[in-house]
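Visitor: Sharing a model that was predicted from the sequence below.
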Amino acid sequence: MRAITRDTATADDIVQETLARALEKAESLQDAGALRSWLFRIAHNTTIDYYRRQREDPSEDIAVEVEQRWHDDDYTVDADIVVARAETTEEVRDALVRLPYAYRSVVVLHDAQGWTAREIAEVMDLGLPATKQRLRRGRMMMVSAMAQGHERRVATSGVPLRCWDARQHVSAYLDGELPAGTAAAVERHLAGCPTCPPLYASLVSVRDAMGGMRDPDAVVPDPVAAKIRDGKQV
């Protein structure tokens, strides 16, 4: 699940929700031998629901765009760079999470977990041709993402933390809740990264704008605020 989702916390949430749904639907499992497929179907649907809630664009346009690049006879990548990156699990995961979920899940199940295209099609309620198309496009997107990832690595050479590692700490950094060492690493990242500073500046702007909406006349009395914090009935 970590290979399909973007981080450990998300994977844990989806696994927990999957188990809860599985327990609710336990009576619907007629064949114990089909347990793997049955559980994965629930996990697959749970993951789709999660990304819909997050409004992750399924981005069919991205898949088509990448395939169109591969149609161009002049398009290519540096194979040495891609091969070198493919030898590092962290680099593969970094590229993998850039794929839309519909393609990411098929690539992981087929190439990482060893499922056949027919098994994936049955579990995902897809036609076999559609499953094979997702696999083909997903592999193309992986190669392109790994090639582009090298360009980004060059641009961020010497910058501490990966972008996501820094971005997931930004909210706590804004609130002054990070340990000194982590806060310093975030600051160094922001000083050298070409893409994160605008995101950080936008977060600051939105937070400040929200603060400006506070009604100065709507002050919660200290005793009431203390009860709210302590979870006591007001």
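Guide: On my side now, so go ahead.
Visitor: what mean pLDDT does the top helix by length along the chain have?
Guide: Secondary structure assigned by DSSP state H gives helix 128-155 as the longest helix of the chain. On average, the pLDDT along helix 128-155 is 83.
Visitor: Tell me what angle the helix or strand that comes right after it forms with helix 128-155.
Guide: Using DSSP states H and E, the helix or strand that directly follows helix 128-155 along the chain is helix 163-174. If you take axes from the mean of the first three to the mean of the last three CA atoms, to 10 degrees, helix 163-174 sits at 70 degrees to helix 128-155.
Visitor: to the chain's geometric centre, what's the distance from helix 163-174?
Guide: Put simply, helix 163-174 sits 15 Å off its chain's centre (CA atoms, centre = their mean, to the nearest Å).
Visitor: The spatially closest residue to T47 that is not a sequence neighbour: neighbouring residues, count only.
Guide: For T47, ignoring the flanking residues on the chain, the nearest one in space by CB to CB, 6 or more residues apart in numbering is I14 at 5.6 Å. (Each C-beta comes from the backbone N, C-alpha and C, glycine too.) Other residues near I14 number 19, with proximity taken as other CB atoms under 10 Å.
Visitor: what about I42, distance to V206?
Guide: 36 Å (CB to CB, to the nearest Å).
Visitor: Who has more neighbours out of the two?
Guide: Higher neighbour count among I42 and V206: I42, with 21 against 10, using other CB under 10 Å.
Visitor: residues contacting that one?
Guide: Contact partners of I42, counting by CB atoms under 8 Å, 6 or more residues apart in numbering, are T18, R21, A22, K25.
Visitor: tell me which element it is part of?
Guide: helix 35-53.
Visitor: Could you list the buried residues of that helix?
Guide: Neighbour-count burial for helix 35-53, counted by 16 or more other CB atoms under 10 Å, picks out W38, L39, F40, R41, I42, A43, H44, T46, T47, I48, Y50, Y51.
Visitor: repeat for stretch 65-81
Guide: Here stretch 65-81 shows V66 as buried, counting by 16+ other CB under 10 Å.
Visitor: same question for that stretch, mean pLDDT?
Guide: 87.
Visitor: again, but for stretch 41-61
Guide: Stretch 41-61 comes out at a mean pLDDT of 66.
Visitor: First-to-last residue distance for stretch 108-116?
Guide: 11 Å (CA to CA, to the nearest Å).
Visitor: In it, which residues are buried?
Guide: So for stretch 108-116, counting by 16+ other CB under 10 Å, buried means V108, L109, H110, W115.
Visitor: that older thread, please compute how far the following helix or strand past the helix holding I42 lies from its chain's middle.
Guide: Sequence order places helix 60-71 as the next helix or strand after helix 35-53, per DSSP H and E. What separates the centre of helix 60-71 from the centre of its chain is 20 Å, taken as CA atoms, centre = their mean.
Visitor: Nothing else from me, thank you.
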